[in-house]
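Asks: Test case, fold it:
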Amino acid sequence: MTVPVALFKGCKNLFMAKPWKTIESITTDEGVLELRQRDERDFLITVGGLVLMNSMANRSEVVLGQFACKHLKNHSGARVLVGGLGMGCTLRAVLDSLSTTAEVVVAELNPVVLEWCRGPLADLTGGAASDPRVRVEIGDVADLVRNTSRGDSSKKFDAIVFDLYKGPHYHTDKIKDPLYGSRAIENARLALKPGGVFSIWGENYDEGFDKRLRAAGFTVRHERPGRGGFRHVVFMAKLAATKGVPSAARRKSKT
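Replies: Have a look, this model is predicted:
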């Protein structure tokens with residue numbers, strides 16, 4: 001059926017998106033961090049005017065958490081580290097993949113993000129940030145990984161999940177980058193138990209990062225979740241279940 005132009009113009013306001021409302025904003029070293037909303041479940045978090053996450057487009061974040069923890073469903077007392085809280089979508093996927101006896105440590109730089117996840121964003125994730133299995137530490141995940149790698153072996157993790165808005169990319173310092181360089185990858189390896197998984201969100205696939213993971217002794221695969229259009233990347237790096245370390249992992253990667 002052909003719709004008269006006059007009728008279409010008269011109805012165009014039905015298809016116009018609602019304006020964004022800023023719920024709260026704070027100043028950070030990287031710019032103004034804002035939480036915006038325009039519908040009951042439609043939120044944005046931005047920093048310096050750039051969109052960090054959208055509650056209506058989070059497929060890759062969900063898959064990130066699922067990939068990291070699906071092997072732990074029946075594992076009693078599993079320990080998981082999540083770097084970056086965001087809107088809590090990755091955390092929700094992690095929790096849904098774990099038993100009731102699991103422990104999840106979340107490293108988040110900005111305490112206001114935790115407040116948002118326990119406040120206006122809570123309904124999006126069924127209150128994931130307030131789950132009794134979750135302990136949130138305000139601080140840098142790189143520091144937490146490094147300290148774990150050097151500390152008590154009983155505190156090591158079964159999975160480490162990086163849901164950080166700056167994923168690995170070709171500008172990453174191959175050795176010194178605190179999150180994606182070869183030294184950081186080695187810290188992650190040492191902070192994991194045998195058979196542990198290191199799952200990382202990326203905006204795009206980065207071959208150099210993939211090679212550094214493999215050089216550290218991980219078996220690596222990656223996925224582009226979702227359908228059509230631009231799709232983010234999820235890396236899943238897994239350690240062997242034995243304690244032996246491949247010789248490549250004992251060498252400093254220069255990839």
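
Asks: Now the spatially most central residue of the chain: phi and psi?
Replies: By C-alpha atoms, centre = their mean, the chain has its centre lying nearest to Asp163, at 1.5 Å. Per-residue torsions, Asp163: phi -110, psi 70 (degrees, to the nearest 10).

Asks: Also the one 10 residues further on?
Replies: Main-chain torsions, Asp173, degrees, to the nearest 10: phi -60, psi 120.

Asks: Leaving out chain neighbours, which residue sits closest to it?
Replies: Closest residue in space to Asp173, ignoring its immediate chain neighbours: Gly181 at 5.3 Å, by C-beta to C-beta, 6 or more residues apart in numbering. No exception for glycine: its C-beta is placed from N, CA and C like everyone else's.

Asks: roughly how far apart are that neighbour and Ala216?
Replies: 11 Å (C-beta to C-beta, to the nearest Å).

Asks: out of these two, which sits in the more crowded spot?
Replies: More neighbours surround Ala216 than the other of Gly181 and Ala216, with 27 against 20 (other C-beta atoms under 10 Å).

Asks: so what pLDDT did that one get?
Replies: Note for Ala216: predicted pLDDT of 98.

Asks: how far away is it from Ala241?
Replies: 16 Å.

Asks: Show me where the stretch 1-150 of the chain dips below the pLDDT cut-off.
Replies: Within the stretch 1-150 of the chain, the stretches with pLDDT under 70 are 1-16.

Asks: if we go to 90?
Replies: Along the stretch 1-150 of the chain, segments meeting pLDDT under 90 span 1-18, 29-30, 49-53, 56-59.

Asks: hey, where'd the helices end up in it?
Replies: Using DSSP state H, counting those that start in this stretch, the helices assigned to the stretch 1-150 of the chain run over residues 5-11, 59-69, 89-96, 111-118, 141-150.

Asks: contacting residues around the nearest residue to Asn74 once chain neighbours are set aside?
Replies: Leaving aside its sequence neighbours, Asn74 sits nearest to Ser99 (C-beta to C-beta, 6+ apart; 6.6 Å). For Ser99, the contact set (C-beta atoms under 8 Å, 6 or more residues apart in numbering) comprises Leu72, Lys73, Asn74, His75, Ser76, Ala78.
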